[in-house]
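Visitor: how does the following fold in three dimensions:
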Amino acid sequence: MNQRTRKRMAGRWLALAGAWLMALVTATAASTALLPMPSLSLWAMGLLALEFSLLLVPLALVGVVLAVIAARGRAAAVPNSAETESAGHEAPPTGRPRSGGGAGRTGRRVAATAAGALNAVVLVAALLPAVSAWRTAQDHDAPLSLAGYLDGLSDTAERGPDATVRYARAGGTDLMLDVWRPANPKAGSGPLPVVINVHGGAQDTPQSPFPRWDTWLADAGHVVFDVDYRFFRDYDWRSSPGDVKCAIGWVARNAGRYGADPKRITLMGQSAGGYLALLAAYTTAAELPPTCEVPEAELDGVIAWYAPSDMTAEMPPAFRLSEPVRRQLTEETWRLADEDRIRASPRHHIRAGLPRTLLIQGGRDILQPAEDTRALATRLTGAGVGTELVEIPYADHQFDLSWGGFGSQIARHVVLGFLRPPTTP
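Guide: All right, here's what the predicted structure looks like:
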């Protein structure tokens with residue numbers, strides 16, 4: 001074997017190593033989004049892998065190319081006995097290979113084929129969320145930006161709230177809210193519409209955990225009140241939604257202090273916050289009173305992100321919901337008495353005259369099944385409530401943690417459309 005052949009063979013083995021490296025990296029990242037994760041932290045990694053799956057595409061593509069390079073090269077021909085005898089050489093014994101090179105080449109080709117196949121599978125899987133999101137964006141006339149795809153997460157913002165205020169004290173707890181106003185308000189625009197944001201989470205979290213959404217809503221021309229509430233208390237289903245109603249009344253009473261219009265209030269929440277938003281919006285003061293003395297305010301609309309609405313149902317089983325995570329979530333969420341489950345369910349309070357509702361749902365949500373949200377939308381529409389359902393395929397629970405992901409880009413478009421005042425003919 002001459003030096004040139006040796007270099008070519010070394011290059012192919014190096015390509016094989018690179019192909020397997022790409023396969024292992026991309027398959028490991030993909031597995032966090034496809035397989036059950038033993039902890040919430042690893043589940044969050046899978047969420048980000050799903051939202052930024054396009055980053056796996058070039059890696060998997062490089063892996064496929066390297067696998068093809070590694071598989072190239074034909075086995076050297078072994079001269080037959082006639083040729084060797086005519087050349088004055090003794091023919092090798094029948095059935096005995098001259099060297100181990102053929103076996104090595106065969107093994108390299110098998111390994112390269114396997115690496116190429118694994119990279120190709122990851123390549124297709126990584127493209128599916130983006131292609132599906134693009135189709136959903138077309139359905140909603142939402143523009144998608146590749147430039148904005150890597151625009152970070154929503155758990156930080158370039159600025160903080162304009163004010164942090166105590167809106168009530170309930171059960172010995174100070175209830176706080178953050179006020180976010182436009183950074184550059186338009187002169188002469190008059191009172192601005194209000195968005196009251198209710199955070200989610202399976203743990204007791206203070207207000208504004210995703211401040212980038214607050215600043216975006218504010219800079220889009222709203223005064224945003226991101227409210228805290230007492231975390232879900234066992235066998236006390238009224239306290240948390242009652243705190244939210246207290247916040248709504250406080251905002252309606254004090255909106256003018258912040259240049260806001262108390263007659264244009266939209267209530268928005270994510271996950272548990274979406275559930276509280278629905279329950280607060282759909283119940284009367286007689287059914288569920290606020291936890292402080294405030295006037296009852298009329299809502300212009302409610303936006304619920306991947307929000308449960310039926311408290312009579314147990315947490316549904318899901319392949320990607322591992323038993324440790326399921327147990328953790330079950331233990332950390334509130335416990336309801338059997339007789340309270342129906343009254344604590346937003347869907348039980350559906351009737352005509354409710355505020356118009358926007359439901360945002362991920363198609364692969366492991367905590368809030370998409371079919372449940374579809375059923376809620378159907379019941380609301382049947383009751384004559386103006387309802388819009390936006391389902392983002394392959395998006396998981398809390399996909400809005402990703403600011404640049406296509407799911408969040410679509411959501412921003414539909415939220416702005418929902419908040420825009422309807423045009424009169």
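
Visitor: going by C-alpha atoms from here, please, whenever you check contacts or count neighbours.
Guide: OK.

Visitor: for the nearest residue to L217 once chain neighbours are set aside, which three-state class applies?
Guide: Among residues not flanking L217 along the chain, V224 sits closest, at 6.9 Å (C-alpha to C-alpha, 6 or more residues apart in numbering). Secondary structure, DSSP: H, G, I helix; E, B strand; the rest coil: V224 is strand.

Visitor: I figured V224 hits V195, correct?
Guide: Yes: between V224 and V195 there is a contact under C-alpha atoms under 8 Å: 4.8 Å.

Visitor: common neighbours of those two, please.
Guide: With contacts taken as C-alpha atoms under 8 Å, 6 or more residues apart in numbering, V224 and V195 have L217 as neighbours in common.

Visitor: out of these two, which sits in the busier spot?
Guide: The residue with more neighbours, out of V224 and V195, is V224; 31 against 27, by other C-alpha atoms under 10 Å.

Visitor: what sits opposite that one in the beta ladder?
Guide: V224 has these beta-bridge partners by DSSP bridges: W180, V195.

Visitor: show residues contacting the biggest strand by length in the chain.
Guide: Taking DSSP state E as the criterion, the chain has its longest strand at strand 260-270. Residues from elsewhere that reach strand 260-270 (C-alpha under 8 Å, 6+ apart): 191-200, 222-223, 251-253, 255-256, 274-277, 281, 298-307, 398, 419.

Visitor: quick check: next helix or strand after the helix or strand bottoming out on mean pLDDT in the chain?
Guide: The weakest-scoring helix or strand in the chain, judged by mean pLDDT, DSSP states H and E, is helix 81-86 (a mean of 48). Once the chain leaves helix 81-86, the next helix or strand it forms, by DSSP states H and E, is helix 101-139.

Visitor: ok now that next one, how far from the chain's centre?
Guide: 24 Å (C-alpha atoms, centre = their mean, to the nearest Å).

Visitor: which other helices and strands contact it?
Guide: Where contact means 3 or more C-alpha pairs under 8 Å, 6 or more residues apart in numbering; DSSP states H and E, helix 101-139 is packed against helix 3-34, helix 40-51, helix 56-71, helix 406-419.

Visitor: low-confidence ranges in the chain?
Guide: Scanning the chain with the threshold set as pLDDT under 70 gives 1, 73-102, 202-203, 331-333, 421-425.

Visitor: could you chop it up by domain?
Guide: In the domain annotation for the chain, the residue ranges read 3-139, 163-419 (automatic domain parsing).

Visitor: mean neighbour count, the ones you listed: which tops it?
Guide: Mean neighbour count, computed with mean count of other C-alpha atoms under 10 Å, is highest for domain 163-419 among the domains of the chain, reaching a mean of 20.

Visitor: how far does that one stretch from start to finish?
Guide: Using C-alpha to C-alpha, to the nearest Å, one end of domain 163-419 lies 23 Å from the other.

Visitor: ok, back up a step: between the helices and strands packed on helix 101-139, which one is nearest to P161?
Guide: Using C-alpha to C-alpha as the measure, helix 406-419 is the one of those that comes nearest P161, at 20.1 Å.

Visitor: ok, residues contacting that closest one?
Guide: Outside helix 406-419, the residues within contact range by C-alpha under 8 Å, 6+ apart are 51, 130, 133-134, 137, 140, 142-145, 149, 266, 303, 358, 360, 390, 392, 395, 399-400, 402-403.

Visitor: which of the contacts of strand 260-270 fall in strands?
Guide: Using DSSP E, 192-198, 223, 301-305 are the members of the contacts of strand 260-270 that sit in strands.

Visitor: state the pair within the residues you listed that is farthest apart.
Guide: Within the ones in strands among the contacts of strand 260-270, L192 and W305 form the most distant pair, 23.2 Å apart (C-alpha to C-alpha).

Visitor: follow-up on the earlier one: for D155, find the nearest of the domains of the chain.
Guide: Across the domains of the chain, D155 has its closest neighbour in domain 163-419 (4.3 Å, C-alpha to C-alpha).

Visitor: how about the nearest residue to S322, chain neighbours excluded?
Guide: P36 (5.1 Å).

Visitor: quick check, that neighbour in contact with V325.
Guide: No: taking C-alpha under 8 Å as the definition, P36 is not a contact partner of V325, at 9.1 Å.

Visitor: pretty sure R347 contacts A375?
Guide: No: the pair R347 / A375 is not scored as a contact, 9.6 Å apart, by C-alpha under 8 Å.

Visitor: any idea how far stretch 353-370 is from the middle of the chain?
Guide: The answer for stretch 353-370 is 13 Å, by C-alpha atoms, centre = their mean.

Visitor: ok, now stretch 227-240?
Guide: With C-alpha atoms, centre = their mean as the basis, stretch 227-240 stands 25 Å off its chain's centre.
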